[in-house]
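Student: Below is the sequence, then the predicted model.
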Amino acid sequence: MSQRAWRLHIRKMIVLFTDFGLAGPYTGQVNAVLQQNAPGVPVIQLFADAPAGQPKPAAYLLAAYATWFPEGTVLLCVVDPGVGGERRGLIAEAAGRVYVGPENGLFELVLRRAARPRCWEIGWQPPMLSASFHGRDLFAPVTARLAQGEPPAALGSRAEPRGYPDWPNDLAEIVYIDHYGNALTGLRGESLPPGARLAAGGHSIAHAPTFSSVPRGDAFWYVNSNGLVEIAVNAGRADQALGLAIGSEVTILA
Amino acid sequence: MSQRAWRLHIRKMIVLFTDFGLAGPYTGQVNAVLQQNAPGVPVIQLFADAPAGQPKPAAYLLAAYATWFPEGTVLLCVVDPGVGGERRGLIAEAAGRVYVGPENGLFELVLRRAARPRCWEIGWQPPMLSASFHGRDLFAPVTARLAQGEPPAALGSRAEPRGYPDWPNDLAEIVYIDHYGNALTGLRGESLPPGARLAAGGHSIAHAPTFSSVPRGDAFWYVNSNGLVEIAVNAGRADQALGLAIGSEVTILA
Amino acid sequence: MSQRAWRLHIRKMIVLFTDFGLAGPYTGQVNAVLQQNAPGVPVIQLFADAPAGQPKPAAYLLAAYATWFPEGTVLLCVVDPGVGGERRGLIAEAAGRVYVGPENGLFELVLRRAARPRCWEIGWQPPMLSASFHGRDLFAPVTARLAQGEPPAALGSRAEPRGYPDWPNDLAEIVYIDHYGNALTGLRGESLPPGARLAAGGHSIAHAPTFSSVPRGDAFWYVNSNGLVEIAVNAGRADQALGLAIGSEVTILA
C-alpha cells in the first residue's frame, strides 16, 4: 500500500483495549497523550477491564471484539505483565485494522485469523520512557501517529512475531466476566454444534436464544452480540450462581 | 412542530442513562455507534450503573435527573431485561426532551410528569440486529439520527405507550446507591413535610440541611442536588451503616 | 501577566481530579457543565477515585500527578467533605498550572512545592447553588471560564490560603490503591535513600527496579512513573497480600 493509500485507509478512530481500569490515572494519562498527539481523533474506550495481566484470555476477547470495528481503526492494546522486561513492542496489521501493544501473545488470535497479517517491531523511542508505563510513554504516542496516517514502517521495522502454536483456535475457558455477571468464553459460536450442552463450574448448561426465553434464575448459553459463546442467568449473575471466574474451564458435551 | 423547528429545537447533546457499566464493551460500542452516526455531537455519560435490569426504580431515577438537562437533549436510556423478547422500542418526547429506549416502564414517570407527552413506536430497522444488544444495534443509531435533527415521525409511528397506573407518583424505596454509599429514594423533596422523619433499614432518620451540619458518623436525610430525598451518613457509607440496598423500603413517619 | 499573556498561556485542556466515581451522575453532570460552558475544550478524566472525603492523602496524590501535565492546564479538583459548610472556594496558580476547588488542604502540597504560587478566593456566584454539589454548580463553571482564558482576578479576589504547616513534605502513608492493587505512598522517590527498605502492613519490603525483576508473588517497592514510591506484588495484589489500605503507615528502614 502506498503511503497515500495508507493515509486514506486509516479511519481516524482509536480504540482502547486495556486492563488499566477507568477511575485511576492510567486511562486518563493515556487519553491525555492521545489528545495532545492526535487532537480531534475520537477515542473509543472498549475494554478497561481486560483480564488483568493475562494476555492469553485477553487475546481471545480482543479477537472477538476488534473485528466489530471498521477497517482502518487503530487499536491500542495493553495487557502487559512483562513491562520493563525484555518483551518487544509491536505494531500489527490484520484484516485492515492496526494494533499497537506488547509482544506477549495478545495479538496471536487476531494474527492467526487474518489472511496476510504483517508485523513491525517498534523502533521509535520516546523522549522519556518510564519502566512501568509503556502504555502511556510508548504505545500511546505510536498509536496517535498511526491514527494520523503515519505508516508503520516509519515507526519500526518488519518483524516475525513470536508464535503461540500450542494455543487453540477457540479457548474452552471463561475469558471475561461482564458487568452483569455473564461469563464469556473464548469459544466462537460457530465452533459449537447447535444442540450442544456445556459443562462449567460443575453445572450442565443448555442453549437458549436469549434471556427472555428461559425462566428467571435459569442458566443458559447463547452466542453473544460479538459472536462469543456466553453463559448467563436470566435476571441473575452467572458468575456467582455457577461459581465462574476468568480461567474456569468449559467442557463441550456431545 | 415543523421539521425545521424541530431541527432548531434539538440541542445536539446526547445523554446516556444505562445499566451497561463503563469498563466493559457495552458503553464503548454504543459510543462507537454514536460517534460514527453523529460525529461531533457531545455524549454525556450520566448513569452507567442504573439499577441493573430493574426498570421501575430506574424510572424514578431517570425522571429526577433528566430534567436537569436543557430542552432538546436526546437521552439514550437502556435498562432492558426483556431484550430479545416482545417489548417494543420507543421514542418519547416529554417536556421538550427526547428519550429513546425499551417500552418497559422506564419512561413512565417522565411521561406522567409532562404536560403533553408524545410517543412513537420505533419502526426503523437496522441492517443487523443482535438478539441481546438492542442498545448498540437499534437504540444508538436511532438516538444519533434524532440528535442530528431527524424527526421522530421519520423513525416510527405514533403510539400510545403502555401505562403503569399502579406505580405511585413518588416511590418510597431506595432506587440507587451512589459512589459514596448514599442511598437515593424515589421520593421528591416536595412530597415530604419539612419536619418529617424517615424509617429505613430499621433506623429512624431525621432531616438535616447538609453533611457538615451533623456529627461524623450520624445518619440524616436531605434533598439532594437533583431534588430527590437522599439518606446519607456524614463521613460514612449509609448503605453499609444502615443496611440499605436498591429496593429497601422507606417509611415516612408523621 | 497581562490578560492577553494569560490567554495565550492557558492550554485549553481541563483535567478532573475528584472522588466522584465515574458510573453515577456526578462526573457526568460536571462534564455536561464543562461541555456547555467550554465547548470543544478537551476534558481529561485523571482520577475519579481520589481518596473519598480525605483531602490530606489526596493532596499528595494530586501534587505528584498534576505536574505531569503541561503548564497552562486547568485542573478541577474536588475532594470536599465540608461542602455546604464554611470552607471557601479557591483558584490557585502554581508552577503555571491552575487549580479550582475547595479550601481544605487539597492544594497544600501543590502550593508548597511551587516558587511563587498565587491564590484567589472565588467570588463569582452561580445562578443556582445546591448545598451538596459545588463541583457541578460552582467549580465546574469557574473551571470552564478559566480554561477559556478568563483571568482568575475576574472570578475572585486575591487571598492567602490557609496553611497546613504540620503536614510533612512527604507523607509516609498509603495514599491510593490502584486498579491492580498496587499501594501508592505519599513519598517521592527522591526522599528515600536508594537501598532503603520499607515496612508496611507488618512486612519488610525491598526495592526492585520493576515487576519482571522479582519472582511472581514477591512484594517490592519502586518509584512509579509519576515519581511516587509504590508498593507492588508481581502478578498479585499488594493491597490484599500485605493488608494495605489508604492511611496505612509506611516506615523507612535504615
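Tutor: Good, I have the coordinates. Residues are numbered from 1 along each chain as shown, chains lettered A, B, ... in the order given.
Student: The closest residue to A:Ala23 other than its chain neighbours and C:Ile246: what is the separation?
Tutor: Leaving aside its chain neighbours, A:Ala23 sits nearest to C:Asp49 (3.9 Å; criterion: Cβ to Cβ, 6 or more residues apart in numbering or on different chains). Yep, even glycine has a C-beta here, placed from its N, CA and C like the rest. Distance from C:Asp49 to C:Ile246, counting by Cβ to Cβ, to the nearest Å: 10 Å.
Student: that older thread, residue contacts, the residue nearest to A:Ala23?
Tutor: By Cβ atoms under 8 Å, 6 or more residues apart in numbering or on different chains, the residues touching C:Asp49 are A:Ala23, A:Gly24, C:Asp19, C:Gly21.
Student: Over to the first one. Which of the three states is it?
Tutor: Reducing the assignment to helix, strand or coil with DSSP: H, G, I helix; E, B strand; the rest coil, the entry for A:Ala23 is coil.
Student: Count the neighbours of it for me.
Tutor: Other residues near A:Ala23 number 27, with proximity taken as other Cβ atoms under 10 Å in any protein chain shown.
Student: OK, contacts around it?
Tutor: By Cβ under 8 Å, 6+ apart, the contact list for A:Ala23 reads C:Gly21, C:Leu22, C:Phe47, C:Ala48, C:Asp49, C:His179.
Student: host element of the residue in the stretch 51-200 of chain A positioned nearest to chain B?
Tutor: When scored by Cβ to the nearest Cβ, the stretch 51-200 of chain A has A:His179 as its residue closest to chain B, at 3.0 Å. Using DSSP states H and E, A:His179 sits in no helix or strand.
Student: Got the confidence number for it?
Tutor: Here, the pLDDT recorded for A:His179 equals 95.
Student: and it, what does it touch?
Tutor: By Cβ under 8 Å, 6+ apart, the contact set of A:His179 is B:Asp19, B:Phe20, B:Gly21, B:Ala23, B:Gly24, B:Tyr26, B:Ala52.
Student: Repeat that for A:Thr210.
Tutor: A:Thr210 sits next to A:Tyr222, B:Val83, B:Gly84, B:Gly85, B:Ala131, B:Ser132 when contact means Cβ under 8 Å, 6+ apart.
Student: how close does the residue of chain A positioned farthest from its centre get to chain B?
Tutor: Distance to the chain centre peaks in chain A at A:Pro215, reaching 32.4 Å (criterion: Cα atoms, centre = their mean). Using Cβ to the nearest Cβ, to the nearest Å, we find A:Pro215 at a distance of 13 Å from chain B.
Student: how many other residues sit next to the closest residue in space to that residue that isn't next to it in sequence?
Tutor: Nearest residue to A:Pro215 in three dimensions, chain neighbours excluded: A:Asn234, at 6.8 Å (Cβ to Cβ, 6+ apart). Using other Cβ under 10 Å, A:Asn234 is surrounded by 19 other residues.
Student: Help me confirm that A:Val223 comes into contact with A:Leu187.
Tutor: No: applying Cβ atoms under 8 Å as the test, A:Val223 and A:Leu187 come out as separate, 9.4 Å apart.
Student: okay, and the common contacts of these two?
Tutor: Common neighbours of A:Val223 and A:Leu187 (Cβ under 8 Å, 6+ apart) are A:Val229.
Student: Those two: who's more crowded?
Tutor: A:Leu187 (27 against 20).
Student: wait, doesn't that one sit right on A:Val250?
Tutor: Yes: A:Leu187 is in contact with A:Val250 according to Cβ under 8 Å; the separation is 7.0 Å.
Student: Quick check: neighbours shared by the two?
Tutor: Counting by Cβ under 8 Å, 6+ apart, the shared contacts of A:Leu187 and A:Val250 are A:Ala172, A:Val229.
Student: that older thread, let me have the contacts of A:Ala23 in JSON lines, extended by distance to A:Arg112.
Tutor: Shown next, in JSON lines, are the contacts of A:Ala23 (distance: Cβ to Cβ, whole Å):
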{"residue": "C:Gly21", "distance to A:Arg112": "39"}
{"residue": "C:Leu22", "distance to A:Arg112": "35"}
{"residue": "C:Phe47", "distance to A:Arg112": "38"}
{"residue": "C:Ala48", "distance to A:Arg112": "37"}
{"residue": "C:Asp49", "distance to A:Arg112": "37"}
{"residue": "C:His179", "distance to A:Arg112": "29"}
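Student: Just give me the closest of those to B:Cys77.
Tutor: Nearest to B:Cys77 out of the contacts of A:Ala23 is C:Leu22 (Cβ to Cβ; 18.4 Å).
Student: Now for that closest one: which residues touch it?
Tutor: Contacts of C:Leu22 (Cβ under 8 Å, 6+ apart): A:Leu22, A:Ala23, B:Leu22, B:Gln45, B:Ala48, C:Gln45, C:Ala48.
Student: Do you know the pLDDT at it?
Tutor: For C:Leu22, the pLDDT comes out at 96.
Student: Could you do the one 5 residues further on as well?
Tutor: At C:Thr27, the model reports a pLDDT of 98.
Student: Could you do A:Asn104 as well?
Tutor: For A:Asn104, pLDDT reads 97.
Student: and it, how many neighbours?
Tutor: A:Asn104: 24 neighbours (other Cβ under 10 Å).
Student: Okay, the residue nearest to it when sequence neighbours are not counted and A:Val100: tell me how far apart.
Tutor: Among residues not flanking A:Asn104 along the chain, A:Pro55 sits closest, at 4.5 Å (Cβ to Cβ, 6+ apart). For A:Pro55, the distance to A:Val100 (Cβ to Cβ) stands at 15 Å.
Student: Of these two, which one has the most company?
Tutor: The neighbour comparison of A:Pro55 against A:Val100 (other Cβ under 10 Å) goes to A:Val100, with 31 against 25.
Student: Is that one within a helix or a strand, and which one?
Tutor: Using DSSP H and E, the element containing A:Val100 is strand A:97-102.
Student: So which other helices or strands are in contact with that strand?
Tutor: Helices and strands touching strand A:97-102, by 3 or more Cβ pairs under 8 Å, 6 or more residues apart in numbering or on different chains; DSSP states H and E, are helix A:55-66, strand A:74-78, strand A:89-94, helix A:140-147.
Student: Go through the ones you listed and pick out the most buried.
Tutor: A comparison of the helices and strands packed on strand A:97-102 by mean neighbour count, using mean count of other Cβ atoms under 10 Å in any protein chain shown, puts strand A:74-78 on top with a mean of 27.
Student: between it and helix A:140-147, how big is the angle?
Tutor: Using axes from the mean of the first three to the mean of the last three Cα atoms, to 10 degrees, the inter-axis angle of strand A:74-78 relative to helix A:140-147 is 160 degrees.
Student: contacts for strand A:74-78?
Tutor: Residues outside strand A:74-78 that contact it (Cβ under 8 Å, 6+ apart): A:10-11, A:13-20, A:30, A:34, A:46, A:62, A:66, A:69, A:97-102, A:106-107, A:134-135, A:139-140, A:143, A:146-147.
Student: Quick check: can you name the pairing partners of that strand and their directions?
Tutor: When sheet partners are counted by DSSP bridges, strand A:74-78 sits next to strand A:14-18 (parallel), strand A:97-102 (parallel).
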